[in-house]
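> Mind folding the following:
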Amino acid sequence: MQLSGVNVGTVSDISFLDQDVEGRRVRVEVSIFERYKKQLAQNVQFAIKTEGILGEKMMEIAVIGGGPAVDLSRPIIGEDALNVQDLAEVFADAAESFTKTSADFSKVDVQELSEVLSDTAQSLAETSRGINTVLTELRYIAFKSKRLLDRIEQKVIEGSLFKVF
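So this is what the prediction gives:
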């Protein structure tokens, strides 16, 4: 057991619990050296960490600012352990995914992609010109329709819309 890199105690017993306690099933009993108990009379957290490249497990105690002091006579729920094996698997999966993505990207024919994008741009430009032509014709039709309606309105006002003679 270490606090700030200093060995402050030992693990005296490890056992399995009959039922989960906040998602944990292992009970770790520690013996703290008497001379270091004063340093632990504050808000601390316990966590099982991996030490060294061989993956030895150790109990790490970290002082957390603020909050009430931890009662060392009662059970304390520790932090989740960081599993180096799980972390290595995650990194391996990420590396494999990156390699696959890189391989897939290298299969893309950049020249062909450029040609497709150029064709698409030309098609969009042609469509835009067609839309502009339709809008111009609609404006002309709207102008003619308004002129016709104005003449009909004028004839209605004059009362000569249905006069034959």
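
> Report the rounded mean pLDDT for the longest helix seen in the chain.
Counting by DSSP state H, the longest helix found in the chain is helix 110-158. Average pLDDT, helix 110-158: 93.

> Could you look up the next helix or strand downstream of the strand or helix carrying residue 30?
Per DSSP states H and E: residue 30 is located in strand 24-32. Past strand 24-32, further along toward the C-terminus, the next helix or strand under DSSP H and E is strand 44-51.

> Next, the angle from that next one to strand 24-32.
Interaxial angle, strand 44-51 versus strand 24-32 (axes from the mean of the first three to the mean of the last three Cα atoms, to 10 degrees): 100 degrees.

> Quick one: list the elements packing against strand 44-51.
Using 3 or more Cβ pairs under 8 Å, 6 or more residues apart in numbering; DSSP states H and E, the elements in contact with strand 44-51 are strand 56-63. Quick note: C-beta positions are derived from backbone N, CA and C, even for glycine.

> And the contacts of the strand it packs on?
For strand 56-63, the external contacting residues (Cβ atoms under 8 Å, 6 or more residues apart in numbering) are 1-4, 8-9, 11, 28, 30, 39-40, 42-51, 81.

> Restrict it to CA atoms and write it as CSV.
Extracted C-alpha coordinates of strand 56-63, given in CSV (Å, rounded to 0.1, in the frame of the first residue of the first chain):
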residue,chain,number,x,y,z
GLU,A,56,2.0,-6.3,-10.3
LYS,A,57,-1.1,-5.1,-8.3
MET,A,58,-0.8,-2.6,-5.5
MET,A,59,-3.1,-0.6,-3.3
GLU,A,60,-2.7,3.2,-4.0
ILE,A,61,-4.1,5.7,-1.5
ALA,A,62,-4.8,9.2,-2.8
VAL,A,63,-5.6,12.3,-0.7
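
> Relative to that strand, what are the paired strands and their orientations?
Partner strands for strand 56-63, per DSSP bridges, with pairing direction: strand 2-3 (parallel), strand 44-51 (antiparallel).

> Residue 7 contacts residue 30, correct?
No. Contact status for residue 7 versus residue 30: not in contact, 11.9 Å apart, counting by Cβ atoms under 8 Å.

> rewinding a little: can you lay out the strands paired with strand 56-63 as JSON lines showing mean neighbour count?
Output for the strands paired with strand 56-63, formatted as JSON lines (neighbours: other Cβ atoms under 10 Å):
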{"stretch": "strand 2-3", "mean neighbour count": "17"}
{"stretch": "strand 44-51", "mean neighbour count": "16"}
